[in-house]
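1. Provide a 3D model corresponding to the input given below.
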Amino acid sequence: AFKRQQARWATGQAQCLVKLTRPLLRGQLDQGSGAAPEAQVSRDSGLPLSWAARIEGVLHLSVWLAHPMSMVLLLLTLPMVLGRIPMAFNLTIFWLVALGPFVAFALSQRHLYPDWKRRMMFMPVLALLGTGLALSNTVAIARGLLGRDLVFKRTPKFSVERRGDNWTGNRYALPFQWVTFGELALAAYAVVTVAAALVMGNYLAVPFLLLYVGGYAYIGLVGLHDAWANWQARPRLARSAVAADSHNK
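-> Model (predicted):
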């Protein structure tokens, strides 16, 4: 369900990118095209949006492209390692840039919650989720950019409110997604890349490669587990329904 929600947002963001990038770069956004009120004021007053504002707007609309870019980074790392292409400088820049989201998240939690230090313990889990969802979100982004499969797919709700409630076997439960095999394949690819990096002495690349291993393996294995649990629950629920129907007769 969470994967579907994130994919829907990724598709919507890609659609906004297609729709708004050209008028944004021309400085012709208005409220009808989704612009902020200050953009409307700027247009009505005859003052075009500054290029800094336009570029910042495009970057904001492109934020979900980080998912396909992270996949490209993983796929290119193995040939770079095997080709002995120097990566020390690039990886140093990568690690410095990677600190940005972590620092932003830490500052926001510190500002909002007194127990922000405890909340920061979940940051590694968030990093795994963000990495592991890259393939699913990349497929969703491609659909949005190409204008395909744009049916609104709602996030299923299971009304799990008390102990004993269960979502497995629910008619709203999502079917198995074949993208799960792709996620597990990427996890295996990342494992091979880690081994190659260790053999070639590219130790600086290993920590972020392990993030790929953990992220894709976690999302892929959760997908398999949920599909298996749901498949096992449906015959049991079917038998319960038959028994209830017989009892009523």
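2. What part of the protein, helix or strand, is modelled with the least confidence?
-> Here the helix or strand of the chain ranked lowest by mean pLDDT, DSSP states H and E is helix 37-44, holding a mean of 47.
3. Name the next helix or strand downstream of that helix, please.
-> Next along the chain after helix 37-44, taking DSSP states H and E as the criterion, comes helix 51-61.
4. can you dump the C-alpha coordinates of the helix or strand following that following helix into CSV?
-> For helix 51-61, the following helix or strand on the C-terminal side (DSSP H and E) is helix 66-82. Taking Å, rounded to 0.1, in the frame of the first residue of the first chain, the C-alpha atoms of helix 66-82 are listed here in CSV:
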residue,chain,number,x,y,z
ALA,A,66,16.4,11.4,-7.7
HIS,A,67,15.0,7.8,-7.9
PRO,A,68,16.0,7.0,-11.5
MET,A,69,19.3,8.8,-11.0
SER,A,70,20.1,6.7,-7.9
MET,A,71,19.4,3.5,-10.0
VAL,A,72,21.7,4.8,-12.7
LEU,A,73,24.4,5.5,-10.1
LEU,A,74,24.1,1.9,-8.9
LEU,A,75,24.2,0.4,-12.4
LEU,A,76,27.2,2.4,-13.4
THR,A,77,29.2,1.7,-10.2
LEU,A,78,30.0,-1.9,-11.1
PRO,A,79,31.6,-1.2,-14.5
MET,A,80,33.5,1.8,-13.0
VAL,A,81,34.9,-0.5,-10.3
LEU,A,82,35.8,-3.2,-12.7
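5. Counting by contacts, list what helix 66-82 packs against.
-> Packing partners of helix 66-82 (3 or more CB pairs under 8 Å, 6 or more residues apart in numbering; DSSP states H and E): helix 134-146, helix 179-200, helix 206-248. For every residue, glycine as well, the C-beta is placed using N, CA and C.
6. cutoff 6 Å now
-> Counting contacts by 3 or more CB pairs under 6 Å, 6 or more residues apart in numbering; DSSP states H and E, helix 66-82 is packed against helix 134-146, helix 179-200.
7. quick one, domains of this protein?
-> Structural domains assigned to the chain are 1-61, 64-150+176-242, following automatic domain parsing.
8. Serialize those domains to TSV and add fields for mean neighbour count.
-> Converted to TSV, the domains of the chain look like this (neighbours: other CB atoms under 10 Å):
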stretch	mean neighbour count
domain 1-61	15
domain 64-150+176-242	16
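9. about what we covered before: can you list the helices and strands packed on helix 66-82 in JSON lines and add mean pLDDT?
-> Formatted as JSON lines, the helices and strands packed on helix 66-82 follow (pLDDT from 0 to 100):
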{"stretch": "helix 134-146", "mean pLDDT": "92"}
{"stretch": "helix 179-200", "mean pLDDT": "95"}
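10. Which strand or helix spans Gln177?
-> If you go by DSSP H and E, Gln177 is not part of any helix or strand.
11. ok, now how distant is the residue nearest to it when sequence neighbours are not counted from Val103?
-> Spatial nearest neighbour of Gln177, chain neighbours left out: Gly223 (6.3 Å); criterion: CB to CB, 6 or more residues apart in numbering. Remark: distance between Gly223 and Val103 (CB to CB, to the nearest Å) = 31 Å.
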